[in-house]
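>>> the amino acid sequence is not available; the structure is as follows:
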């Protein structure tokens, strides 16, 4: 252990490994599967029609390419700051500062909404406790989980993800039976490929499909969490390679498969698709004659939002830890529990928006939260754009230094350039088309403010002297703190 790491261990600023391979496998699955698949995808289908499949395929391709780029950098230099650290090293301090804080803001805010959804579902089942009461219970419980050893977070995610995967597999099996006319129950038109083209495959035009990509990218964000978590495992490089390779079939099976079944069995103009209390899975299963489909799906959604909250809090605390190590956040954020190894200050600070959401719900002012959430609408697009640019520049540095790379991006640099071009183009279309103009503009304004803060911090060296290491050769079994700056 280096002198710096040894000092960190004595002062309680060192993370402790604790995640196992099975934890990381399920964390990577949980990152891809969110409540947006079960509920939010209904709005995507309603807006784009059956052609929503194309939006999920296109969004899936972008995510697969981004995960490959991120995997290349993470294998070379595993770090709890993940893409924020890589942006810092490849582009400059201002870039790492910007993407790190923007990403933290996204997940910190999302926790409030996840708690609200969980509280609403529980209140519907057991109305004796108000929504804000359930929100408080869920928030406190998951904060306590994240204050413990990291393996406890891994265990919770393992079981949360297992429930989600089981639900999706059952949905796919029932859906396939209906497509092949082997499902004996349900409405007469909920069979075969009836609605794939009956109301028109692309009823609202190609622009609606491109615009729908925003909802799709919102659903996919979280796939990159595993590269953050892998830094707290015994063999980061091996785990990152495995999960990065498997993200392809997960997106195809879970998202494209589910959406394909839904658009075949449900008319895209079904008004229930856009209702937050129903969503794609509930509408599809109800049309197939599944009794109490809404409550069954709500149980899965409850599991999903708790999983998302859990991962969001974990990711936020580790991002603050990494930012603090680089001088981009207060040094108190890197204090860890001597027994747990968890950055407990970062956990508590990151949960602040969840408690704000509880207060706003209790005072019936939750609509204020909508304004804050609007500024996170296109965070995924900016994060992925930053990852692509970082990978381009880091690969150029590694090649110039003749550093061997064991896990490479496909067809470099052409696919990297394609992603860098495609993301801004999609944002322009979204602004021009208008549906998500507010989200794009608000997020862009927030990003611009954080960029300005990052540039000021870089120019005036706010945060003290920093020594950002140059790209290094791929390593195995590297501890998280060894590559932090």
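Structure's in. What do you need? Keep in mind it's a predicted model, so treat the numbers as computed, not measured. Numbering: from 1, shown residues only.

>>> so residue 247, which of the three states?
Residue 247 falls in the helix class when you classify it by DSSP: H, G, I helix; E, B strand; the rest coil.

>>> not counting sequence-adjacent ones, nearest residue to it?
The shortest distance from residue 247 to any residue other than its chain neighbours is 4.9 Å, reached at residue 67 (CB to CB, 6 or more residues apart in numbering). Any C-beta I mention is one placed from the backbone N, CA and C, and that applies to glycine too.

>>> could you list the low-pLDDT ranges of the chain?
Scanning the chain for pLDDT under 70 picks out the ranges 1-12, 31, 464-485.

>>> how about 50 then?
Scanning the chain for pLDDT under 50 picks out the ranges 1-11, 467-485.

>>> stretch 443-453: how far from the chain's middle?
20 Å (CA atoms, centre = their mean, to the nearest Å).

>>> just the buried residues of it, please?
Neighbour counts over stretch 443-453 (16 or more other CB atoms under 10 Å) mark 443-444, 446-447, 450-451, 453 as buried.

>>> what secondary structure does the residue nearest to residue 247 sit in?
helix.

>>> quick one: it from residue 315, how far?
15 Å (CB to CB, to the nearest Å).

>>> all strands for the stretch 251-400 of the chain, in order.
In the stretch 251-400 of the chain, no segments count as strands under DSSP state E, counting those that start in this stretch.

>>> before we move on, back to that, the residue nearest to residue 247 - how many residues pack around it?
Residue 67: 28 surrounding residues under other CB atoms under 10 Å.

>>> isn't it up against residue 224?
Yes. Residue 67 is in contact with residue 224 according to CB atoms under 8 Å; the separation is 6.8 Å.

>>> list residues touching both of the two?
Listed contacts common to residue 67 and residue 224 are nil; contacts here mean CB atoms under 8 Å, 6 or more residues apart in numbering.

>>> OK, contacts around residue 394?
Contacts of residue 394 by CB under 8 Å, 6+ apart are 73, 76, 86, 89-90, 471.

>>> mind giving me the packing neighbours of whichever strand or helix holds residue 105?
Following DSSP states H and E, one finds residue 105 within helix 93-125. Packing partners of helix 93-125 (3 or more CB pairs under 8 Å, 6 or more residues apart in numbering; DSSP states H and E): helix 82-90, helix 131-147, helix 293-325, helix 344-350, helix 352-362, helix 367-374, helix 379-400, helix 437-459.

>>> report the buried residues of that helix.
93-123.

>>> residues in contact with residue 301?
35, 38-39, 117, 121, 279.

>>> and residue 295, how far is that from residue 302?
Remark: distance between residue 295 and residue 302 (CB to CB) = 10 Å.

>>> kindly report the same for residue 176.
From residue 176 across to residue 302, the span is 26 Å (CB to CB).

>>> the two: who's more crowded?
Taking neighbours as other CB under 10 Å, residue 176 and residue 302 compare with residue 302 leading, 20 against 13.

>>> give the contact list for the closest residue to the more buried one other than its chain neighbours.
Sequence neighbours aside, residue 121 is the residue nearest to residue 302 in space, at 4.9 Å (criterion: CB to CB, 6+ apart). The contact partners of residue 121, by CB under 8 Å, 6+ apart, come to 298, 301-302, 305.

>>> contact partners for the closest residue to residue 108 other than its chain neighbours?
Of all residues not flanking residue 108 in the chain, residue 353 sits nearest, at 4.8 Å (CB to CB, 6+ apart). Residues counted as contacts of residue 353 (CB under 8 Å, 6+ apart) are 108-109, 111-112, 372.

>>> what's near enough to touch residue 130?
Counting by CB under 8 Å, 6+ apart, residue 130 touches 123, 362.

>>> distance check, it against residue 299.
21 Å.

>>> how close does the residue nearest to residue 302 get to residue 285?
From residue 121 over to residue 285 the distance is 17 Å, taken as CB to CB.

>>> got it, and residue 250?
Per CB to CB, residue 250 is found 22 Å from residue 285.

>>> so residue 166, which state does it fall into?
helix.

>>> tally of neighbours for it?
The tally of other residues near residue 166 (other CB under 10 Å) stands at 11.

>>> relative to residue 250, how far out is it?
15 Å.

>>> excluding covalently adjacent residues, which one is nearest to residue 215?
That would be residue 44: by CB to CB, 6+ apart, it lies 4.5 Å from residue 215.

>>> ok, residue 420 touching residue 391?
No. If you go by CB under 8 Å, residue 420 and residue 391 don't touch, sitting 9.7 Å apart.

>>> which one's more surrounded, the two?
Remark: of residue 420 and residue 391, residue 391 carries more neighbours, 28 against 17, as counted by other CB under 10 Å.

>>> contacts only, for that one.
By CB under 8 Å, 6+ apart, the neighbours of residue 391 are 69-70, 72-73, 86, 90, 409, 416.

>>> in this structure residue 93 contacts residue 457, no?
Yes. Using CB under 8 Å, residue 93 is in contact with residue 457, at 6.8 Å.

>>> between these two, what contacts are shared?
In contact with both residue 93 and residue 457: residue 328, using CB under 8 Å, 6+ apart.

>>> and the gap between the spatially most central residue of the chain and residue 186?
Of all residues in the chain, the one closest to the mean position by CA atoms, centre = their mean is residue 222, 1.7 Å from it. Distance of residue 222 to residue 186, computed by CB to CB: 32 Å.

>>> again with residue 412
48 Å.

>>> do residue 83 as well
44 Å.

>>> quick one: residues contacting residue 65.
Contacts of residue 65 by CB under 8 Å, 6+ apart are 388, 409-410, 415-416, 418-419.

>>> repeat that for 10 Å
Taking CB atoms under 10 Å, 6 or more residues apart in numbering, we find residue 65 in contact with 384, 387-388, 391, 409-411, 415-416, 418-419, 422.

>>> how many residues are close by residue 368?
12.

>>> now it: how far from residue 438?
As judged by CB to CB, residue 368 and residue 438 stand 15 Å apart.

>>> work out the gap between stretch 279-287 and the centre of the chain.
Counting by CA atoms, centre = their mean, stretch 279-287 comes out at 24 Å from the chain centroid.

>>> stretch 445-458 now?
That offset, for stretch 445-458, works out to 23 Å (CA atoms, centre = their mean).

>>> that older thread, using JSON lines, lay out the contacts of residue 353 together with distance to residue 426.
Compiled in JSON lines, the contacts of residue 353 are given as follows (distance: CB to CB, whole Å):
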{"residue": "108", "distance to residue 426": "25"}
{"residue": "109", "distance to residue 426": "22"}
{"residue": "111", "distance to residue 426": "27"}
{"residue": "112", "distance to residue 426": "27"}
{"residue": "372", "distance to residue 426": "23"}
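
>>> out of those, who's nearest residue 214?
residue 109 (16.6 Å; CB to CB).

>>> am I right that the closest one is in contact with residue 368?
No. Between residue 109 and residue 368 no contact is recorded; they are 11.9 Å apart, counting by CB atoms under 10 Å.
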